[in-house]
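Participant: Pasted the sequence and its predicted model underneath.
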Amino acid sequence: MKKVYIETFGCQMNAHDSEKVLATLATRGYAPVEDLEAADLILYNTCSIRDKAEQKVYNRLIEYKKRSKDKVVGVLGCVAQQE
């Protein structure tokens, strides 16, 4: 089974959206994991309302790029939409 890690930033709506994404991915053979290193797919569900949350996402992406080149990363939510 493939594994997915999702980190949610921001509002309750984003938390709800993350739950829906996980449910959809479950139908495609993905199981959620708590450990980023164990995941095949890494998703960041983002919020751009507060600058701090937005900067956290960018920092996570920079950190990821330095250490993990063999995984698929996706960005969802407000930050993805505005970029």
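Facilitator: Structure received. For clarity, every value in this text was computed on a predicted model and none was experimentally measured. Residues are numbered from 1 along each chain as shown.
Participant: Which helix or strand contains Y64?
Facilitator: helix 51-67 (DSSP states H and E).
Participant: Which residues belonging to that helix are considered buried?
Facilitator: Neighbour counts over helix 51-67 (16 or more other C-beta atoms under 10 Å) mark A53, E54, K56, V57, R60 as buried. (Each C-beta comes from the backbone N, C-alpha and C, glycine too.)
Participant: tell me the contacts of the fourth one?
Facilitator: For V57, the contact set (C-beta atoms under 8 Å, 6 or more residues apart in numbering) comprises F9, Y44, T46, V75, V79.
Participant: For the fourth one, give me phi and psi.
Facilitator: Summarising the backbone geometry of V75 under the convention degrees, to the nearest 10, its torsions are phi -120, psi 130.
Participant: Same check on D40?
Facilitator: In terms of degrees, to the nearest 10, the main-chain angles of D40 are phi -90, psi -30.
Participant: thought it was touching R28?
Facilitator: No: if you go by C-beta atoms under 8 Å, D40 and R28 don't touch, sitting 11.8 Å apart.
Participant: which of the two has more neighbours?
Facilitator: D40 (15 against 8; other C-beta atoms under 10 Å).
Participant: ok now do that one, which residues does it touch?
Facilitator: Applying C-beta under 8 Å, 6+ apart, we find D40 in contact with K2, K3, V4, Y30, K71, V72.
Participant: which two in those residues are spaced the farthest apart?
Facilitator: The span of the contacts of D40, defined through C-beta to C-beta, is set by Y30 and K71 at 13.0 Å.
Participant: Between these two, which is the more surrounded one?
Facilitator: A direct count of neighbours by other C-beta under 10 Å for Y30 and K71 places Y30 higher, at 19 against 15.
Participant: which residues pair with the more buried one across the strands?
Facilitator: Per DSSP bridges, the residues bridged to Y30 are K2.
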